[in-house]
Structures are given as C-alpha cells and as structure tokens.
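**Student:** Sequence and predicted structure are below.
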Amino acid sequence: MYHDSYEVIIIGGGHAGCEAALSSARIGLRTLMLNLSIDNTALMPCNPSIGGPAKGHLVREVSALGGEQARAADASTLMIRWLNTSKGAAVRALRAQCDPFMYSTYYRKLLTSQENLDIHQDEATEILTEGGKVTGVLTRHGSKYDARAVVICGGVYMAGRVFMGDVSFASGPMGQTNSERLAENLADLGIKTGKMRTDTTPRLNINTIDFTGMRPQLSENEPLCFDLWSEERLYDHTYACWFSRTTEETYEILSRNISRSPLVNGDVHAHGPRYCPSIEDKFLRFPDHITHPIVFEPVSRSNDEVYVQNFSTSLPYDVQVEMIRSLPGCKNAKIIKPGYGIEYTYILPDQLKHSLENKNIPGLFFAGQVNGTSGYEEAAAQGLLAGINAAMYVRERESVILGRDEGYLGVLVDDLTTKNTDEPYRMLTGRCEHRLLLRWDNVAHRLSRYGREAGLIDDSRWAFLEERFSREDSEISRLKSAKISPSEETERLCAEYDAENLTETMTLAEYLKHRGVTYELVSKLSASTIELTREEISHVETELRYTGYLEREARVAGRMKNLDGAKIPDDFDYDSVKGLRAESLQKLKHYRPESLGHALRISGVTPVDVQLISVILSRNDRSKHDD
C-alpha cells in the first residue's frame, strides 16, 4: 500500500474542490487534491455561464476573499452583460458566457503550479477516523493518505445515476466516472444523506440552426470584468445569445411523450432545481403555458456547440430530437450531445457548522453541490470557505464565519445550516434581508480583510485596495463638505442632465439625493482633483445617495450581530430550560445552534424561546465569574 501524509486533503476537482485546494495550499498547508479525472478539472457540465443576480455577487465575493473563480471567468468570457440594471444598485450584477475549455485550463494551470499542492487522479473510497476525528483517506488505488482535515467536494458524482427516458446507468455528469463507495462510507460514519436531481439540455451544432427572426443579445459596449484586480476589457460582438420560444408543436410533443419521462414513470423521485426547472417540470407545473422562453447560447471558441438554455430534459433521445426540431430555426438542427437528468447523493447540510465542518466529526468539511446547492458559483464560494477553515482547523486558529450582513456567502451558509434543504439550493437576491449592504461595488470593503488575514491577499493586492479605499473615502468627505448655491450655470447644467433644479445652498452630498442627480453632474458643478474609476464612482454615489437607508439597515444588522455574538456552548442542556415549547426543544436539540442569532433563525423557534435561553446563558456566565 502506498502511504503518504498531508495536512489537508481535498476530495473532488470541481469548482468547490479547486477553490478549497488553492486556498489551503496558499495559506501554507501541505495539501492533496484527489480528483476522479484531472482532465475534467472545473468541468462545466451544465450551462457554461458565470454570474447573474446573487450568483454574480458570490463570484465577486470569492474574488474579495482571495479566490480564483472571478479571474477564471475573466480569462474565458465570450460574452458579458449587466443584469438587473433597472432594479437598483443592490441587485445589479454581471453574467458572462464562458468558454468551458478555457475556464478549465485556467484552473488546471494554477493547480499544477501551486506550491504546497499535489494533485492525484484517484477515487477516495473511505474517510479514516480515530477517536471520532478525521485521520486520513483510503483510495480506490489502494493508497492511504494521512491528514488532519478532509474537505469533501463530491459534486453530483457521489452515487450519480444518469436518466434518459427509461434508460439509466451509473455515471457522473456527461458520462464521467461516478463515485459509489464514498457515499456508502459516509452513511457508515453516521452522516445523513439524501437524493437530489438536476438536468441538462441537448447541445446543438450551430451550423444547423437558422437564427433568422431570433433576437440577439451582445456584450455590453463598456469594459468589464468580475475580478477586483483584473483589468477591465471591452468584448467584441463575435458571440451572441439568441432569444426565442418553444412552440405549440413542442407542447404537443410533450403531451404525447410526458409518460416516458423518468419524472413521471416513477424512476426518479428526487427533487430537481426549483428555479431552473426542466422542460418536463414546466409542462407539469404550468400546464396552461403553451410556450416557454429559450435562449441559444454559445459554448466555446474551439467548437460549434450551442447550449439551449431553459430546455433541460431527461426524456428519451428520440423525443429530444423531435422536440428540438419543433423549435424555431431548428428544423434541420442536429444534436451533438443529448440532454439527461442525473440523480446523486448529497448530505443534509444541517449537520454542518457555519465553518462547513461536520458537527460530529472534527476535521471533516463539506463544500459545493454535495451540500445540496446548485451552480458553479455557490460551489466555488463554499469551497473557498471550507478550504480556509480546514486550514484554520489544522493550525488551531479561529474559523472564518461570515454574517448574513457581510456577504451572500454568509447567507448561503446560514440558510443551509439553519434551514436545511431538500431541493437544490440556488442563491437569490430575495434570500438576503440586508442586500442593500451586500452590493457589487462594496464587496472589497466587506470581505477583503478576511482574505488578507487568512493569507490569501498579498501585499501588492492589499496596497491596491488601500489606495482605492483612500480615493473613495476622500471623495466622499469632499462631497459632504463642499457646498453649492443656485446660479445660472447650475440651472443650465440641471436642465442639460434633466435633474431636479438646485433651489438652495446645500452640500454636494445632499444634492446627490435629488431626482436625476448623478456623480457626473455633481463633478461638473464642482470638479474633483481625485480621479475615480467607474466602479469607485458607483460606490461613492451609492454610499451618499442611500445614506439614510444604509444607516438604518446597518442598525438592524447590528442588533442581529449582537445575537450572533452570544455563543451557545456545544454541550448546552436545552432540557434544563423551563418554558420551551415542544417544537422549539426538538428543533434546538436537532440543529444545536451556535449562537442566539442562529437559534432565532431556526423555523419554529420563537423570540420568547431565545429569551429563555439567553437568561440561562447569563445566569451560567455570572456563576462562572462568581467562582
């Protein structure tokens, strides 16, 4: 038996595994990544896109924490757009169509050249423990690797099974090798698991599609990028997304063949993604909708594939061919890769701490779709956090825990560990009660210090951020102090910008809150000596325009942070708390919340219950001091 020793082992080479491995190694720990297939590192088996509302915020947060997904997206973007531009600064985010081969290559180059990181193509089959703690991993090749911490990023590979009509077979995504024995081992360790499902769409040959009559969408006419430190670039209009709809004929084909779907014939029982339903799900859930929107999206510079967004399916191949040819412009379309559904094993995430460490097995962390989430962005963000915290665990340092007011990642982890999920969890802006504080433009202010303290942001990048913060703060101070009075010139400029006219003397910051007033107008009224980038301008403008709302939101978040700071000991005896309702007692003993704030967010636990626990904690604290 081959035997070696590491400090941290990462199982899986998807988006979560890549971020976990890089973060652990960069912090300085000897790290091993075990990957079923190195050729499929950071694979994009579903839609090759990155970003969008909430998901784009996660990508940006990965960047601010010192991760790589944003740079991988920038290195592989084919077409890029702003989304939610009409809904305000809180929910505005980028979405890009990426070349999956370039995206994967970016990660592979980083991983193979990263100091402290070894990569090996092998299957982890057993997690080794001693005294209840993680001690290492056994593999299919018969190797044994010692480790103090293990991060499982199994994606949809664990006990994965592909479905196309009544045909099914054991497989990972896109026909890749799956992993059976690890799922069995986790059950043996007492970890509760369940089944989930996701689907993907047929890929078509672009040369067999007639795009006449479809509406094209091109890249923005402005330089853009995801990463905080990357140089923004302007993308040409070589690649476009094409908008269309299914037809009445598509509906009729579905009507005739829906009984052949594994969702209907009983072969699949697991829940699929609510916010990205298959075409069969749409047919069953919305029977009155005869047609549905679809988008033909480019896949890569190196092939002629087109991805049909909103058309995922697990119907038989003959039905897929018939449905595709019923779509506008697809009379002669040819399928390169068929669509399919995949059912896989996930772990119930309420078994995890906010650090993503298992509550019962110290040193065992989980990240990505294995935790019940969907999407590359959710996976990468969890992987980065789990990799950081695995390193912190080994070094016996405090875990990085993000609050709901600090990041979308904080909301994601809190939702999973507090509320659990029985369907693929997708990050949405509507899940974030403090989203005005969690904007695209202030992500560095919120999270970069965590990346710096962990050792993932070097001196040059930190200096770059400090210079940016200084420019923004200086300009905010100037606008708060500089005053302007009505004049013929101000009246002319207000008319030119269709802005509310200045009627009295006020500071420039106050004037920014008026209708139609922009930073550009204010700069013409009183020129600044500080040159700001477009993103810095957006930050300054938002901070001043919404000052009152931001201060109020910060106060609300502060009150919850106080509750989150009131820690509940792991061995707290809930049975000793007089007055707890039966449901609350059951939920509290099951979830074992880490703080009063965590307890309050558990469904079924009331503020009165939390107050009762608080009284006991205060009493226990006084007793310790008296002793």
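**Tutor:** Arrived safely.
**Student:** Kindly tell me how buried the residue lying closest to residue 72 once chain neighbours are set aside is, as a neighbour count.
**Tutor:** What sits nearest to residue 72 in space, not counting adjacent residues and going by C-beta to C-beta, 6 or more residues apart in numbering, is residue 106, at 4.5 Å. Heads up, the C-betas are built off the backbone N, CA and C, glycines and all. Number of residues near residue 106 (other C-beta atoms under 10 Å) recorded here: 23.
**Student:** again with residue 464
**Tutor:** 15.
**Student:** residues touching it, list them.
**Tutor:** Listed by C-beta atoms under 8 Å, 6 or more residues apart in numbering, the contact set of residue 464 reads residue 229.
**Student:** Which secondary structure element is home to the residue most central in space within the chain?
**Tutor:** Of all residues in the chain, the one closest to the mean position by C-alpha atoms, centre = their mean is residue 378, 2.4 Å from it. According to DSSP states H and E, residue 378 maps onto helix 376-394.
**Student:** element containing residue 269?
**Tutor:** Counting by DSSP H and E, residue 269 is found in no helix or strand.
**Student:** Same check on residue 516?
**Tutor:** Residue 516 belongs to no helix or strand, assigned by DSSP H and E.
**Student:** Would you confirm that it contacts residue 502?
**Tutor:** No: applying C-beta atoms under 8 Å, one finds residue 516 not in contact with residue 502, separated by 11.6 Å.
**Student:** These two: who's more crowded?
**Tutor:** Neighbour totals were compared for residue 516 and residue 502, and residue 502 leads with 19 against 11 (other C-beta under 10 Å).
**Student:** for this structure, what helix or strand is lowest in average pLDDT?
**Tutor:** helix 607-626 (a mean of 80; mean pLDDT, DSSP states H and E).
**Student:** helices or strands up against it?
**Tutor:** Applying 3 or more C-beta pairs under 8 Å, 6 or more residues apart in numbering; DSSP states H and E, we find helix 607-626 packed against helix 582-591, helix 596-600.
**Student:** So which of those helices is nearest residue 486?
**Tutor:** Closest approach to residue 486 among these is made by helix 596-600 (48.7 Å; C-beta to C-beta).
**Student:** Would you state the helices of the stretch 151-300 of the chain in chain order?
**Tutor:** 181-188, 248-257, 279-285 (DSSP state H, counting those that start in this stretch).
**Student:** As a markdown table, the helices and strands packed on helix 607-626 with mean neighbour count, mean pLDDT and distance to residue 116 would be great.
**Tutor:** A markdown table is the format used below for these (neighbours: other C-beta atoms under 10 Å; pLDDT from 0 to 100; distance: least, C-beta to C-beta, whole Å):
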| stretch | mean neighbour count | mean pLDDT | distance to residue 116 |
| --- | --- | --- | --- |
| helix 582-591 | 16 | 86 | 36 |
| helix 596-600 | 22 | 87 | 34 |
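**Student:** Switch those helices over to TSV; also include distance to residue 489.
**Tutor:** As requested, the helices and strands packed on helix 607-626 are exported to TSV (distance: least, C-beta to C-beta, whole Å):
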stretch	distance to residue 489
helix 582-591	62
helix 596-600	52
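**Student:** sorry, back to before: now the helix or strand hosting the residue nearest to residue 72: buried residues?
**Tutor:** Using DSSP H and E, the element containing residue 106 is helix 100-113. Neighbour-count burial for helix 100-113 flags 100-108, 110-111 (criterion: 16 or more other C-beta atoms under 10 Å).
**Student:** cool, stretch 160-180 as well?
**Tutor:** Neighbour-count burial for stretch 160-180, counted by 16+ other C-beta under 10 Å, picks out 160-165, 168, 171-174, 176, 178-180.
**Student:** Over to stretch 254-261?
**Tutor:** Neighbour-count burial for stretch 254-261, with 16+ other C-beta under 10 Å as criterion, is recorded at 254, 257-258, 260-261.
**Student:** Kindly report the same for stretch 133-147.
**Tutor:** Buried residues in stretch 133-147 (16+ other C-beta under 10 Å): 134-140, 143-145, 147.
**Student:** how distant is it from the center of its chain?
**Tutor:** Chain-centre distance of stretch 133-147: 29 Å, with C-alpha atoms, centre = their mean, to the nearest Å.
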